[in-house]
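Novice: need a structure here:
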Amino acid sequence: MATDTLFVIGLMMVVSLTWAMLALPRLRKRLPKIYLIARSWWLMLAALCACYVIAKITDNSQPSQPPTHPYQWMLIAFFVLIGLRGSYEIKRLWCLRNKAVLIHKLQARGLQANTQPFSKTLSHSAQAYTRLNLLDLFFSFAFITLIISLIALQQLIWQREQYGVLFFVLFASQFNDIAQYLCGRLLGHKLFERGLAPTISPNKSIEGAIFGSMLAALLATLLGIWLTPFSWWICLFAAYGLAVSGIAGDLLESAFKRQHGVKDTGTMLAGHGGVLDRVDSLLIGVPLFTLFYWLLG
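Specialist: Predicted coordinates:
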């Protein structure tokens, strides 16, 4: 069995077991937010893995011919749906009425904090919200570039039959989110008094960014050695690049949200927020990796 198939099976088993344990009444009552996060993770991974498996296992080629996968469109459709949902979340923040509805939902769920925006607040005129500024345009461009890069990367991976590369890229960024959070909680501000970007994201520490990215790079390198044909040093270089760019993408989205005075861009993914809140760490790293992967081939 191929390594990427084993990874998909193992991943779903681990996430399913975690969700099942957290669904126990006692644990669910004590850790309600963790339960919601695990449930959202299961739903997201189930959708991704289902599209991936269907796209890969369907092979209409003859034994002497290279493999063909007529259902590649499943993964493309998955990325397009992410793009459409993310675009809707961006557009919603540009409209005063829709933004007010979103903030009301966040407040009703106890998710909206007192976020001080960079410029405008809801008390200003609707005209102030319909006028796009440089940050709005840059963030929108970065998100559109991400979706195009994911589709292009998937096509390159399928052409080169290096299927595990997709999971390496996606999970290198997700490892970074987890590692930053853990290192930030453990180390706090023991080395540096100020945060990484106190105006944009007050909870992010320099310690978490430095040691979290290093830990994430090591974990992702081990995953890359197993799933990809790359040498260990290429895996390490790519993994660290994805970790650092993941921090930049996260800060970019935080700046976008803070400008609009919201904590999350949506409520679709319980425990995470909106689609944009989940893919922020991919915004810069995936396009750069896609370019790197294309040049490498």
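Novice: which stretches of the chain have low pLDDT?
Specialist: 1, 59-69, 111-132, 189-191, 193, 297 (pLDDT under 70).
Novice: So what are the sheet partners of the longest strand seen in it and their directions?
Specialist: When the chain is parsed with DSSP state E, its longest strand is strand 201-205. Strand 201-205 has the following strand partners under DSSP bridges: strand 195-197 (antiparallel).
Novice: and the longest strand of the chain, C-alpha only, in CSV?
Specialist: Output in CSV follows, covering the C-alpha atoms of strand 201-205 (Å, rounded to 0.1, in the frame of the first residue of the first chain):
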residue,chain,number,x,y,z
SER,A,201,-2.1,39.8,17.3
PRO,A,202,-1.6,40.4,21.0
ASN,A,203,-1.5,36.7,21.9
LYS,A,204,1.4,35.8,19.6
SER,A,205,4.8,35.7,21.3
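Novice: Which positions within that strand qualify as buried?
Specialist: By neighbour count on 16 or more other C-beta atoms under 10 Å, the buried set for strand 201-205 is 201, 204-205. To be clear about C-beta, it is placed using only N, CA and C from the backbone, and glycine gets the same treatment.
Novice: Could you give the separation of the strand or helix carrying Tyr88 from the chain centroid?
Specialist: Using DSSP states H and E, Tyr88 sits within helix 73-94. Between the centre of helix 73-94 and the centre of its host chain there is 13 Å, according to C-alpha atoms, centre = their mean, to the nearest Å.
Novice: next helix or strand past that helix?
Specialist: helix 96-108.
Novice: Which other helices and strands does that following helix contact?
Specialist: Packed against helix 96-108 by the contact rule (3 or more C-beta pairs under 8 Å, 6 or more residues apart in numbering; DSSP states H and E) you find helix 73-94, helix 126-130.
Novice: tell me the most buried of those helices?
Specialist: Of the helices and strands packed on helix 96-108, the one with the most neighbours on average (mean count of other C-beta atoms under 10 Å) is helix 73-94, at a mean of 17.
Novice: Need the residues that contact it.
Specialist: 47-48, 51-52, 54-55, 98-99, 102, 129-130, 132, 136, 139-140, 143-144, 147, 150-151, 154, 256, 260, 262, 265-266, 268, 274-276, 279 (C-beta atoms under 8 Å, 6 or more residues apart in numbering).
Novice: residue ranges for the helices of the stretch 101-250 of the chain, please.
Specialist: Here the stretch 101-250 of the chain has its helices, by DSSP state H, counting those that start in this stretch, at 126-130, 134-160, 164-187, 206-227, 232-260.
Novice: Arrange those helices in TSV, one row each, with distance to Gln72 as further columns.
Specialist: Converted to TSV, the helices of the stretch 101-250 of the chain look like this (distance: least, C-beta to C-beta, whole Å):
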stretch	distance to Gln72
helix 126-130	39
helix 134-160	6
helix 164-187	12
helix 206-227	19
helix 232-260	23
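Novice: Name only those of the contacts of helix 73-94 that count as buried.
Specialist: Judged by 16+ other C-beta under 10 Å, buried ones among the contacts of helix 73-94: 48, 51-52, 55, 99, 102, 129, 136, 139-140, 143, 147, 150-151, 154, 256, 260, 262, 265-266, 268, 274-276, 279.
Novice: if we can go back for a sec, using CSV, write down the CA coordinates of the helix holding Tyr88.
Specialist: Provided in CSV are the C-alpha atoms of helix 73-94 (Å, rounded to 0.1, in the frame of the first residue of the first chain):
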residue,chain,number,x,y,z
TRP,A,73,-11.9,17.4,-10.7
MET,A,74,-13.0,16.2,-7.2
LEU,A,75,-10.0,17.9,-5.6
ILE,A,76,-10.2,20.9,-7.9
ALA,A,77,-13.9,21.3,-6.9
PHE,A,78,-12.9,21.0,-3.2
PHE,A,79,-10.4,23.9,-3.6
VAL,A,80,-12.9,25.9,-5.6
LEU,A,81,-15.5,25.5,-2.9
ILE,A,82,-13.0,26.8,-0.3
GLY,A,83,-12.3,29.7,-2.6
LEU,A,84,-16.0,30.6,-3.0
ARG,A,85,-16.7,30.4,0.7
GLY,A,86,-13.6,32.4,1.6
SER,A,87,-14.6,35.0,-1.0
TYR,A,88,-18.0,35.3,0.5
GLU,A,89,-16.4,35.8,4.0
ILE,A,90,-14.3,38.6,2.5
LYS,A,91,-17.2,40.3,0.8
ARG,A,92,-19.3,40.0,3.9
LEU,A,93,-16.8,42.2,5.8
TRP,A,94,-17.1,44.9,3.1
